[in-house]
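Peer 1: Sequence first, then the predicted structure:
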Amino acid sequence: MRDLLDIKLLSQPFETSENPELKLENSKMIAQIYSKLENCLSVLSDMKARRSFIYYGPIAEELGLEQKQAEIKSIWEEELLSRVHPEDLQKKYRLEFQFFQLLNTIDAAERMDYQVITKLRIRNKEGKYILIKHRLAYIGSSEDGSIWLALCLYNMIYDHPDFNIPQGVIVNIKTGKIMDSNQQRFTDILSLREKEILQLIKHGRRSKEIADKLGLSINTVNRHRQNIFQKLNVTNAMEACRIAETTGLF
């Protein structure tokens, strides 16, 4: 799943934005403010340059993280991610992939209204798993709509029985609407007809065979194919089938 994320995130065209240096510096300031305001670990990732900036709040000491590298040559904070429970890590990647797919259907100006919120089990400095709240937001896009800057926040979860964090959701923080919860996996991205056609494509059927089987014109089938590719943000049938399987559309 992380390989799919890498392909999608890093293969974007990233056409030059106006004042990219200023936007990056402002985003770094936002990340640093969050780390101080919420006592959290804040990670700003630059997809175009394939690097991240890390700002260490007090939580870093609890997790036993070495507070040395303020900048790393990766979009993944490996030292921290290596401490996440394997099941939670895969859940995190799966939800983030779906988040990326969703944001590609949304106007760039509205993307900051959405966040991924995930509960993670992370090993602390004593090697014991503790619960951490993870939030992901994309806070910068290139002129062509490429998702450029991502902000990840890692917070301690309050130790109180009435305080709870969802296992994993995508939420519109402007309206409070939850876009995805637990096992619900954007099943409405594709229509029933598009899913039916994609299933047939998966089994090696060509457009004419699909048209004959479903009683459709070949032009209609080809139009559905293009709609599927556009919705899933892919360029070929093999990639569309792979994404549909990994995101639970099949």
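Peer 2: Yes, it's here.
Peer 1: How is the protein divided into domains?
Peer 2: The chain resolves into domains spanning 2-181, 192-246 when parsed by automatic domain parsing.
Peer 1: so how far is the first one from its chain's centroid?
Peer 2: Right, domain 2-181. Centre-to-centre, domain 2-181 and its host chain are 8 Å apart (C-alpha atoms, centre = their mean, to the nearest Å).
Peer 1: tell me which element the closest residue to Y55 other than its chain neighbours falls in.
Peer 2: Leaving aside its sequence neighbours, Y55 sits nearest to S35 (C-beta to C-beta, 6 or more residues apart in numbering; 3.7 Å). In this view, the C-beta of every residue, glycine as well, is placed from N, C-alpha and C. Assessed by DSSP states H and E, S35 sits inside helix 20-37.
Peer 1: quick one: average pLDDT of the helix or strand that that helix is followed by?
Peer 2: Remark: after helix 20-37, the chain's next helix or strand is strand 41-46, criterion DSSP H and E. Along strand 41-46, the predicted confidence averages to a pLDDT of 97.
Peer 1: coming back round to it: would you turn the domains of the chain into TSV with mean neighbour count?
Peer 2: Shown next, in TSV, are the domains of the chain (neighbours: other C-beta atoms under 10 Å):
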stretch	mean neighbour count
domain 2-181	17
domain 192-246	16
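Peer 1: Touching the helix holding S35 from outside, list them.
Peer 2: Here helix 20-37 makes contact (C-beta atoms under 8 Å, 6 or more residues apart in numbering) with 17, 40-44, 46, 53, 55-57, 139-140, 149, 151, 153.
Peer 1: Just the closest of those to E71, please.
Peer 2: Of all the contacts of helix 20-37, E71 sits closest to F53, with 5.4 Å by C-beta to C-beta.
Peer 1: The closest one is in contact with V43, isn't it?
Peer 2: Yes - counting by C-beta atoms under 8 Å, F53 touches V43, with 7.3 Å between them.
Peer 1: where does this structure have low pLDDT?
Peer 2: Judged against pLDDT under 70, the low-scoring parts of the chain cover residues 180-188, 247-248, 250.
Peer 1: Show me where it has its helices.
Peer 2: Secondary structure of the chain (DSSP state H): helices located at 2-10, 20-37, 59-63, 78-81, 86-103, 192-202, 207-214, 218-232, 237-246.
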